[in-house]
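Novice: Show me how the following folds:
(one chain, ligands or ions: 2)
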Amino acid sequence: MTDCLFCKMAAGVIKPDTVYEDNKVLAFRDINPQAPVHILVIPKTHVATLDELDDAELAGHLLLTAARLAREEGLSENGYRTVFNCKRHGGQEVYHLHLHILGGRQLHWPPG
Ligand code: AMP
Ligand code: ZN
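Specialist: Ligands and ions are numbered 1, 2, ... in the order given. Below you'll find the model as predicted:
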């Protein structure tokens with residue numbers, strides 16, 4: 001078992017607050033939510049950053065899963081934000097690819 005936190009979640013060793021799971025992706029609630037709805041969608045395979053993602057099918061599945069979960073969370077009428085933070089300047093802290101879904105309040109732009 002790798003030392004990666006999100007790999008441990010994908011393997012079921014650490015149990016997050018799961019909202020969706022299939023054979024390729026896992027979605028769970030962020031432990032430190034920045035909005036009323038804050039969900040992370042991760043691939044079950046270890047991909048460190050968006051810069052290393054080379055599987056187009058997986059990329060599409062992550063995005064379509066995020067859009068579906070946002071609908072299911074009631075976010076589609078007012079909208080929401082999806083974010084991949086990539087590496088240091090992007091503010092990435094966990095080096096296992098994750099797509100943030102943030103919604104339920106007005107979000108501002110540009111980000112800090
Ligand atoms: P990032 O800065 O894009 O790497 O985001 C990492 C996210 O993972 C942050 O929003 C954290 O709050 C979240 N996070 C860290 N540990 C956990 C955990 N054990 N369960 C759920 N979310 C977590
Ligand atoms: Zn990992």
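
Novice: mind listing what the longest strand along the chain pairs with, with the direction of each?
Specialist: Across the chain, the longest stretch assigned as strand under DSSP state E is strand 37-43. When sheet partners are counted by DSSP bridges, strand 37-43 sits next to strand 25-29 (antiparallel), strand 99-103 (antiparallel).

Novice: near ligand 2 at all, that strand?
Specialist: No. Where contact is defined by Cβ under 5 Å from the ion, no part of strand 37-43 touches ligand 2; the two come within 7.9 Å at best. The C-beta positions use only the backbone N, C-alpha and C, and glycine is treated the same way.

Novice: any idea of the mean pLDDT in the helix or strand following that strand?
Specialist: Moving toward the C-terminus from strand 37-43, the next helix or strand (DSSP states H and E) is helix 56-72. In this model, helix 56-72 has a mean pLDDT of 98.

Novice: Which of the residues in helix 56-72 are classified as buried?
Specialist: Buried residues in helix 56-72, counting neighbours by 16 or more other Cβ atoms under 10 Å, are found at L58, A59, H61, L62, T65, A66, L69, A70.

Novice: between it and strand 37-43, how big is the angle?
Specialist: Inter-element angle recorded for helix 56-72 and strand 37-43: 160 degrees (by axes from the mean of the first three to the mean of the last three Cα atoms, to 10 degrees).
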